[in-house]
Structure formats: C-alpha cells, structure tokens
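Engineer: what would the 3D arrangement of this be:
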Amino acid sequence: MKLVLYNNYRLGILRDDRVLDVSSAVADLKMSNRTRLMPAVIAQWDKLRGPIERASQGLTGVPLSSVRLRAPDPRPPKLLACFGNYKEFTQRERLPQDMFLKSPESVIGDGDTVELPPHQATIFHHEAELGVVIGRRSKDLPPTREALDAVFGYTCFVDVSGRGLGRPGQASRMGKSFDTFGPMGPCILTADEVPDPNKLQVRLWVNGELRQDYNTDDMEYTVPEVLAFASHYMTLVPGDFICCGTNHQGLGPLQDGDRAEMEIQGIGRFRFSVQDSLKRTWAREIDREMAQRVRGG
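Structural biologist: Now for the predicted structure:
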C-alpha cells in the first residue's frame with residue numbers, strides 16, 4: 001500500500017497515478033495538528049489498516065496531477081541520518097558506523113522548494129537516500145532481519161547539505177538542518193511490499209540530467225544494522241524517520257532555478273525546485289573531487 005498525505009494533509013492511498021481519499025477511516029483521530037497525522041495512523045495501524053482498506057474499496061479517486069502531495073511523514077518525532085554508509089562501489093573495509101539528528105522542520109514534500117540560506121557555504125549538495133519510517137516502539141533491536149519487523153514503510157528522501165560551514169577541518173551537521181533541506185516523497189510504501197530494502201535502485205536527476213544512480217545493496221551497514229545501531233542509543237517510536245545515507249558517486253550542486261527529481265524502485269518519484277536569493281552558481285557537473293575523496297575513505 002502506498003500511503004500519502006495531500007492537500008490539507010488528508011490521508012490517501014496512491015494507486016496507478018490516482019489518489020483515493022481514505023480520510024474517513026481516520027476521522028476519529030481528531031488531530032488538531034494535521035502534520036502529526038501520519039505518526040498517529042502508524043501507531044494504531046493494526047486497528048486502522050482494515051478500515052482504511054475498506055474505505056478505499058470502490059473508489060476511483062482523483063488524478064494525482066489534481067492534488068498537492070505533502071511529505072508523507074511531514075513532522076517525524078525524530079529524524080536520524082547516517083553518516084556516509086556506502087562502500088562507494090569499492091570493496092574497502094567498513095568505516096565506523098555513526099548517525100546524527102537532522103531537524104524535522106527541514107522536511108518538505110513533492111513540488112515544494114528548497115530555499116538556500118544566505119550562509120556562506122562553499123556549495124550545497126543533494127544526497128538521495130532511502131528513508132525508513134518506524135512502525136512500533138523499539139529499543140535494542142538485533143542487527144538481523146528481525147529488526148525489519150519494526151519498520152512501517154519506506155520513502156524517498158534528499159538530505160540537502162551545505163558544505164564548508166562550522167569550524168575549519170570539521171564537518172558541521174548544522175548545514176543539513178536548514179528549513180526545506182529535507183525533501184521527501186511521494187508516499188510511504190508499506191514494508192510488506194518491500195521484500196528486501198537492500199535491493200532497491202536509487203536515482204536522482206537535476207534539470208533532466210541523471211546524477212545519482214546506485215543500489216542500496218552498496219550500503220556499508222544494512223537497514224537492519226542501521227535500525228539496531230539507532231535503537232541501541234535511543235528508543236524509536238512510531239513515525240520516527242531514518243535516512244540511510246548516500247553513495248557519493250554522482251553528487252553535485254543544487255542552485256537557483258534547478259528542478260530535481262528523485263526515484264526509488266517500487267516507491268515512486270517526486271520533484272522539488274531550488275531557489276537562492278543570492279543567485280550563487282557552481283559548475284553544473286558531478287563533484288568528482290568529493291566523490292574520489294569519499295571513495296578513498
């Protein structure tokens with residue numbers, strides 16, 4: 001099932017480029033803040049799945065093009081992101097595992113705009129990533145397939161990153177948490193429809209040019225290992241969001257006027273644009289220097 005939030009954060013099912021309105025099935029939740037709807041639905045999924053499926057029966061829906069899709073998990077309780085976490089198409093030994101917190105306020109949805117801040121970054125990069133949405137309260141998960149029982153579903157995520165900020169010689173995580181620096185979409189594909197999250201093709205285009213193109217089988221630490229690592233440090237709750245890192249081969253700049261699209265096999269494709277009031281420019285090409293540096297470890 002592909003769950004979406006659309007228009008005024010109504011709950012829908014995405015099916016064959018049409019959106020089916022199933023908001024009647026969750027009317028009893030009476031959310032005062034509609035951006036918090038998805039975690040509430042996830043927390044009660046065992047009770048709500050049947051009514052949601054029944055609410056969709058017989059519906060033809062409306063064309064996807066006629067609605068405004070929102071981020072499917074627009075304000076996750078926590079947003080965790082992996083450092084690196086890809087072998088970069090090499091056979092090197094795994095680097096130490098680590099994660100950081102990214103601001104939930106950074107999340108935007110399909111068709112929204114990344115706004116580059118006036119901070120003097122050396123460049124702003126796109127990082128296309130597999131996003132994991134937590135389905136149940138979890139602590140100390142095992143680094144095995146059993147950990148996937150804690151997953152509600154998967155979506156596409158772009159970890160927009162401002163480089164060159166913070167102390168010299170140190171990578172600042174603050175450059176990843178600007179408002180709008182977390183494009184997400186188009187839906188949450190429920191975990192029962194993803195046999196193996198480490199066998200998914202990830203692609204990102206900028207102005208029609210394919211830049212990132214890699215498979216999640218290149219992860220240094222698999223999705224179960226990522227879940228285990230995070231849950232050993234903190235309790236995960238329904239709606240928490242973990243982005244699994246990126247393969248840096250294919251990274252490039254985002255700048256004013258760009259139109260970007262991201263797609264993950266089976267999940268779907270979403271789009272976003274870029275705006276910069278300072279109109280800064282960089283070479284419109286893959287950042288091969290950074291790609292080589294990351295590949296070298």
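Engineer: all contacts plus neighbour counts: C-alpha atoms, from now on.
Structural biologist: Fine.
Engineer: low-confidence ranges in the stretch 51-200 of the chain?
Structural biologist: Within the stretch 51-200 of the chain, the segments meeting pLDDT under 70 span 167-172.
Engineer: how about the strands in it?
Structural biologist: Secondary structure of the stretch 51-200 of the chain by DSSP state E, counting those that start in this stretch: the strands cover 62-63, 79-82, 99-101, 107-108, 113-116, 123-125, 128-134, 151-158, 161-163, 182-190.
Engineer: test my guess that T90 contacts R295.
Structural biologist: Yes. Using Cα atoms under 8 Å, T90 makes contact with R295 at a distance of 7.3 Å.
Engineer: more neighbours: the two, which one.
Structural biologist: Counted by other Cα atoms under 10 Å, T90 and R295 do not tie: R295 has more neighbours, with 17 against 10.
Engineer: give me the phi and psi angles of that one.
Structural biologist: With angles defined as degrees, to the nearest 10, R295 sits at phi -60, psi -30.
Engineer: same list, the strands of the stretch 51-200 of the chain, but as a markdown table with distance to W45 please.
Structural biologist: What follows is the strands of the stretch 51-200 of the chain, written out as a markdown table (distance: least, Cα to Cα, whole Å):
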| stretch | distance to W45 |
| --- | --- |
| strand 62-63 | 24 |
| strand 79-82 | 20 |
| strand 99-101 | 26 |
| strand 107-108 | 23 |
| strand 113-116 | 31 |
| strand 123-125 | 36 |
| strand 128-134 | 12 |
| strand 151-158 | 9 |
| strand 161-163 | 33 |
| strand 182-190 | 11 |
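Engineer: let me have those in TSV, adding distance to N198 and mean neighbour count as columns.
Structural biologist: Listed next are these as TSV, based on distance: least, Cα to Cα, whole Å; neighbours: other Cα atoms under 10 Å:
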stretch	distance to N198	mean neighbour count
strand 62-63	31	14
strand 79-82	15	22
strand 99-101	18	15
strand 107-108	24	28
strand 113-116	28	22
strand 123-125	24	19
strand 128-134	10	28
strand 151-158	12	26
strand 161-163	24	23
strand 182-190	15	28
